[in-house]
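Asks: Provided below for reference: sequence and predicted model.
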Amino acid sequence: MLEKERMQSTLTIARTPGKLRKFRLYCFCYAGGNASAYLPWQSALISEVELYAIQLPGRGAYWNEKPYTSLQDLIPALATLIGQQEKMPFAFFGHSLGAMLAFELTRYCRDHALPLPEHLFVSGSDAPQYRSPSKRLHELPDDALIEALRKYDGTPAELFEHRDLMALVLPTIRADFALVANYQYFAAPLLNTPLTVFAGRHDEHVLIEHVEEWRRETSGNFRMCWFEGGHFFINSERQAVLAELNATLARLIHR
């Protein structure tokens with residue numbers, strides 16, 4: 001059974017009950033993703049780390065709530081939600097859309113003198129200043145959008161066979177892709193937060209030279225980690241991904 005904390009009927013945090021820990025990992029999902037995708041990670045993380053998976057509205061138990069389509073609204077709301085949690089050292093992990101959210105949230109916290117993550121993990125994403133022009137996927141007709149989703153290989157194949165279920169989730173997926181399409185990078189002072197980038201060697205949705213440009217966003221320590229697999233290597237290579245996460249988190253906690 002999941003414990004959930006709720007804020008203004010929009011954003012939630014999902015976590016697995018357990019003993020009190022001394023470090024927190026906030027995880028941000030890819031477009032169309034659900035916080036429950038991260039919850040199995042808890043059992044594989046080192047014992048000191050508590051996983052908090054951010055659940056955006058329009059999915060899970062709150063599928064009928066209006067999803068966000070603007071970062072200008074979402075990022076401050078995320079900062080407020082995280083600020084309401086019990087104070088504890090923390091890190092951010094985000095995959096694809098989640099990488100963009102984790103990065104912009106870190107910059108927002110820095111600019112508003114809020115507590116900062118001790119480490120930023122970004123995964124499956126070109127560096128923000130080198131993002132490819134948006135494909136405007138949220139504007140596609142249903143059938144074309146479904147075919148585009150198949151190419152990302154992140155949606156269970158059986159879901160595509162249930163058109164009624166797809167009709168329920170497509171508005172949320174469109175909203176998430178609108179967040180991506182409407183994102184505009186702006187130059188700002190460098191973060192000094194240590195940054196680790198995870199990427200799949202066979203990810204057709206990023207470019208190697210653009211992924212490695214994340215190093216331009218921080219004056220802190222930078223590390224690049226490549227994994228086998230495509231865009232959703234965090235699933236196919238989960239054991240290797242979690243091993244890298246654990247190694248870095250252990251160094252943070254025990255330094």
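Replies: Perfect, I can see it now.

Asks: Tell me the buried residues in stretch 213-223?
Replies: By 16 or more other Cβ atoms under 10 Å, the buried positions in stretch 213-223 come out as 213-214, 217-218. (Glycine included, C-beta is placed from N, CA and C.)

Asks: Quickly name whichever of these is closest to residue 27.
Replies: Set against residue 27, the nearest of those by Cβ to Cβ is residue 214 (18.1 Å).

Asks: And the contacts of stretch 204-217?
Replies: The contact list for stretch 204-217 (Cβ atoms under 8 Å, 6 or more residues apart in numbering) reads 96, 103, 122, 124-132, 151-152, 190-191, 195, 197, 199-200, 222, 224, 230-231.

Asks: Render the CA-only coordinates of it in CSV, please.
Replies: Taking C-alpha atoms only, stretch 204-217 is exported to CSV below (Å, rounded to 0.1, in the frame of the first residue of the first chain):
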residue,chain,number,x,y,z
GLU,A,204,17.4,7.5,-31.1
HIS,A,205,15.8,10.6,-29.4
VAL,A,206,19.1,12.2,-28.2
LEU,A,207,22.4,13.1,-29.8
ILE,A,208,25.7,12.0,-28.2
GLU,A,209,27.3,15.5,-28.6
HIS,A,210,24.2,17.2,-27.2
VAL,A,211,23.9,14.9,-24.2
GLU,A,212,27.5,15.6,-23.2
GLU,A,213,26.9,19.4,-23.3
TRP,A,214,25.1,19.1,-19.9
ARG,A,215,28.6,19.8,-18.5
ARG,A,216,28.0,23.4,-19.5
GLU,A,217,25.3,23.8,-16.9
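
Asks: Residue 59 touches residue 169, doesn't it?
Replies: Yes - with contact defined as Cβ atoms under 8 Å, residue 59 counts as touching residue 169 (7.5 Å).

Asks: Quick check: residue 54 is in a strand.
Replies: Yes - under DSSP: H, G, I helix; E, B strand; the rest coil, residue 54 falls within a strand.

Asks: Confirm residue 189 sits in a strand?
Replies: No - counting by three-state DSSP, one finds residue 189 to be coil, located in no strand.

Asks: ok, it to residue 217 distance?
Replies: Distance of residue 189 to residue 217, given as Cβ to Cβ, to the nearest Å: 10 Å.
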